[in-house]
Every structure is written in C-alpha cells, then in structure tokens.
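S.K.: using only what follows, build the 3D model:
(one chain, ligands or ions: 2)
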Amino acid sequence: MRSLILLKPWAVSRGLVGEILSRFERRGIKLAGLKLVHVNREKAEKLYLVHKDKEFYEGLITHITSSPVVAGVLDVPFDDPDGAVSLIRKIIGATDPAKAEVGTIRGDYGLRIDRNVIHASDSPKSAEYEIPIFFNGDELVNY
Ligand SMILES: Nc1ncnc2c1ncn2[C@@H]1O[C@H](COP(=O)(O)OP(=O)(O)O)[C@@H](O)[C@H]1O
Ligand SMILES: [Mg+2]
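M.R.: Ligands and ions are numbered 1, 2, ... in the order given. Okay, here's the model as predicted:
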C-alpha cells in the first residue's frame, strides 16, 4: 500500500528531514519515491481541494508554497490498505501538535497546528488522489 507524505516547509528549513524520514525507516516502512520540491500554487490547490472553504485555507496554501518541501511515497507492506494508512497516521500524530502524543512526529517536532511539519494521506482514496500530484509512475520503484 502506497501513501503520500510531505515534509512541510518548516521540517526542511529546520533541518528535520533526516530525523523524520528515519521514523518511518525504523518501522520497516520503505520509501517508493522521494524528492525535494518547491510546490506551486496549482499543486497546492489540488492537494488541499477538500479544505477550499475552510477559514485557514489561504494560510495553508501560502505556507506550503513558501519554501521547499520533501515529497515522499511510503510503501507499507500490509494487505489491508486502511490498516496501512492508520499506521502512518499513528506515526505522524494528531493534526494539532499540542494534542499529538509525545513520540509521534507532530508531537515531537511540531508546536503550531498551521506549522505541523508533515502531511500524510488520510485514506487509501486520498493516497490515490495525492500521489500523482507529486510523482509520475516512473519515479516510483518496487524493491
Ligand atoms: N484550525 C486550523 N488552523 C490552522 N491550520 C489548520 C487548522 N486545521 C488544520 N490546519 C492545517 O491544515 C492541514 C490539513 O488539515 P487536515 O487535513 O484536517 O489535517 P491532517 O493534516 O492531520 O490531515 C493540517 O495539517 C494543518 O496544517
Ligand atoms: Mg488531511
């Protein structure tokens, strides 16, 4: 099961990329794709389409396009896609770092909800929608 993660601008500018990726690696979750990307407005709007009507939408778009992010595709070796997404969401923690458990990525590296250091797809359906925004099929590998 493949799912998208984005290490958001503050994860990159604060030098947390290696530490955050290692959280997944040490769980045995493989990377199927990885790149550094400065997200443009078009990609940001596509990614955050479901939040279009929220009051924090503009801030969300401004932040994700402000400086480079690391985009990755995680490959979780589970037969159950919902279980795979749940595990990734458990590792990243609650949306608001103030509520995220210590030991989760957001709980250890985040402080503000609008700067919560990482994005991860929230369902197999959103993974299927989000991965092609950042990766072509030939940029993903099986091993
Ligand atoms: N109330 C809020 N105020 C500011 N930013 C928010 C708020 N709620 C969510 N966000 C931002 O929007 C992103 C997308 O929201 P959502 O999809 O609900 O959370 P998640 O990233 O956990 O899936 C969050 O990661 C967070 O950075
Ligand atoms: Mg979400």
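
S.K.: do a quick rundown of the helices in the protein.
M.R.: Remark: helices assigned in the chain by DSSP state H are 9-13, 17-25, 41-47, 57-64, 81-92, 105-109, 124-134.

S.K.: relative to ligand 1, which of those is closest?
M.R.: With respect to ligand 1, and counting by Cβ to the nearest ligand atom, the nearest of those is helix 57-64 at 4.9 Å. Just so you know, the C-beta spots here come from the backbone N, C-alpha and C atoms, and that holds for glycine as well.

S.K.: quick revisit: format the helices of the chain as CSV; extra columns: mean neighbour count and distance to Val117.
M.R.: As requested, the helices of the chain are exported to CSV (neighbours: other Cβ atoms under 10 Å; distance: least, Cβ to Cβ, whole Å):
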stretch, mean neighbour count, distance to Val117
helix 9-13, 19, 4
helix 17-25, 16, 7
helix 41-47, 15, 16
helix 57-64, 15, 11
helix 81-92, 18, 9
helix 105-109, 21, 5
helix 124-134, 17, 17
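
S.K.: okay, the ones you listed in CSV with distance to Lys35 and mean pLDDT next?
M.R.: Shown next, in CSV, are those (distance: least, Cβ to Cβ, whole Å; pLDDT from 0 to 100):
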stretch, distance to Lys35, mean pLDDT
helix 9-13, 12, 98
helix 17-25, 12, 98
helix 41-47, 12, 98
helix 57-64, 15, 98
helix 81-92, 18, 97
helix 105-109, 19, 98
helix 124-134, 7, 98
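
S.K.: could I get the ones you listed as CSV with distance to Lys99?
M.R.: Formatted as CSV, the helices of the chain follow (distance: least, Cβ to Cβ, whole Å):
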stretch, distance to Lys99
helix 9-13, 18
helix 17-25, 19
helix 41-47, 23
helix 57-64, 18
helix 81-92, 13
helix 105-109, 8
helix 124-134, 21
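
S.K.: that concludes my questions; thank you for your assistance.
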